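A.B. asks: quick one, structure for this:
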Amino acid sequence: MISEGFLKAERPLAQHSSSLAARVPQPDELAGALAAAAPRLRLALAESLRPLLGGEKAQIECSKVEKVAAPRLHKMIDAVAVNLLLEDVGGAQMLASMDYAAALILTDQVFGGRGDAPGVLPDRLPAATDLTMARLAAALGEALAGALERPQPLRLAARSEVLGKLVRARDDDMFLALRCDVALPGRNPWSVQLVMRLSQAALLLVEGARAPRSSEAVAESPATALEAPFADLPLELVAVLAQMQVPVARISALKPGDTIPLAIPANIPLYLDRVAIAHGQAGSADGVLALRLTRLAHSQSEGHTNDR
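C.D. replies: Residues are numbered from 1 along each chain as shown. Model (predicted):
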């Protein structure tokens, strides 16, 4: 006689893994997802760029999404350009690239100009452009978070003027590329190229494929000007020890060995990109010429004096 009762398995029953059972998005689907996000990106980028462009709302146009290999990507982006690697809290990355001309156009607009770039591009970008690119990275990170429905802005993870340091010319991965054209009435237009690896595209575009975020990562506050990466940006300070007026005849007669007397003022200005940020007195420290700050520009309007 067979007794009644429940059957007991000798081993735990197998369970399906949702991560293994999930279907991997195909390249065309990922390209379509990025194309679908383009209208949201246009609106988000126009808003995030406003603080850089004097409060004006730019007209943004996005190109079609392209699937490109690394060699093609290296032809689309200049060998020397501003390449900003942005990263979300889950580790997924997106590359934003601008050529030198576009970077200088944007810098001129940020400082109130119409966007004029020199006929001959410099070998090295000025400090003002470095600051502008840091602000652009923040604006792009905010816009991408809104367009891709990310909980936090993407942060600047790396910057390089050489694309090969971020993407090898013989990289085996494929990439999705999207160009954003930015224009303001009466000003010169500029463009930024957005690129994501196909192997990482699902992490940014497909909700179910995104890596879980730790509570520490979610609670992490955005970087400030005194934290990396902004705190590590090198800026050039210029202390003007003397200025003088010399007749043209005297200048044309100058020759090696001549002596020009210098009248060093009591208050020496310290400039950051031709803007006086402080004043000080010439002296020495540890056996070298030094400047002892006596006044900071931001505190002059408050009637304070800072000695350092």
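
A.B. asks: for the rest of this, base every contact and every neighbour count on C-alpha atoms.
C.D. replies: Fine.

A.B. asks: just the strands in the chain please.
C.D. replies: 59-62, 66-69, 80-87, 93-99, 155-162, 174-183, 190-197, 237-239, 268-272, 275-285, 288-296 (DSSP state E).

A.B. asks: in TSV: those, plus mean neighbour count and mean pLDDT.
C.D. replies: Output for these, formatted as TSV (neighbours: other Cα atoms under 10 Å; pLDDT from 0 to 100):
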stretch	mean neighbour count	mean pLDDT
strand 59-62	17	95
strand 66-69	18	94
strand 80-87	22	93
strand 93-99	23	95
strand 155-162	18	92
strand 174-183	20	95
strand 190-197	21	96
strand 237-239	15	86
strand 268-272	19	85
strand 275-285	16	83
strand 288-296	15	85
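
A.B. asks: distance-wise, check the closest residue in space to residue 198 that isn't next to it in sequence relative to residue 27.
C.D. replies: For residue 198, ignoring the flanking residues on the chain, the nearest one in space by Cα to Cα, 6 or more residues apart in numbering is residue 175 at 5.0 Å. Here the criterion is Cα to Cα, to the nearest Å. By it, residue 175 lies 10 Å from residue 27.

A.B. asks: shared neighbours of those two, anything?
C.D. replies: Listed as contacting both residue 175 and residue 27 by Cα atoms under 8 Å, 6 or more residues apart in numbering are residue 198.

A.B. asks: residue contacts, the spatially closest residue to residue 158 that is not a sequence neighbour?
C.D. replies: Once flanking residues are discounted, residue 158 sits nearest to residue 85: 5.1 Å by Cα to Cα, 6+ apart. Residues counted as contacts of residue 85 (Cα under 8 Å, 6+ apart) are 93, 94, 95, 96, 156, 157, 158, 159.

A.B. asks: quick one: which of those is nearest to residue 104?
C.D. replies: Nearest to residue 104 among the contacts of residue 85, counting by Cα to Cα, is residue 96 at 15.7 Å.

A.B. asks: that closest one contacts residue 191, doesn't it?
C.D. replies: No: Residue 96 is not in contact with residue 191 according to Cα atoms under 8 Å; the separation is 10.2 Å.

A.B. asks: returning to what we had before: same list (the strands of the chain) but as TSV, adding distance to residue 258.
C.D. replies: Formatted as TSV, the strands of the chain follow (distance: least, Cα to Cα, whole Å):
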stretch	distance to residue 258
strand 59-62	57
strand 66-69	61
strand 80-87	42
strand 93-99	44
strand 155-162	42
strand 174-183	53
strand 190-197	49
strand 237-239	24
strand 268-272	25
strand 275-285	24
strand 288-296	23
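
A.B. asks: good, we can wrap up now.
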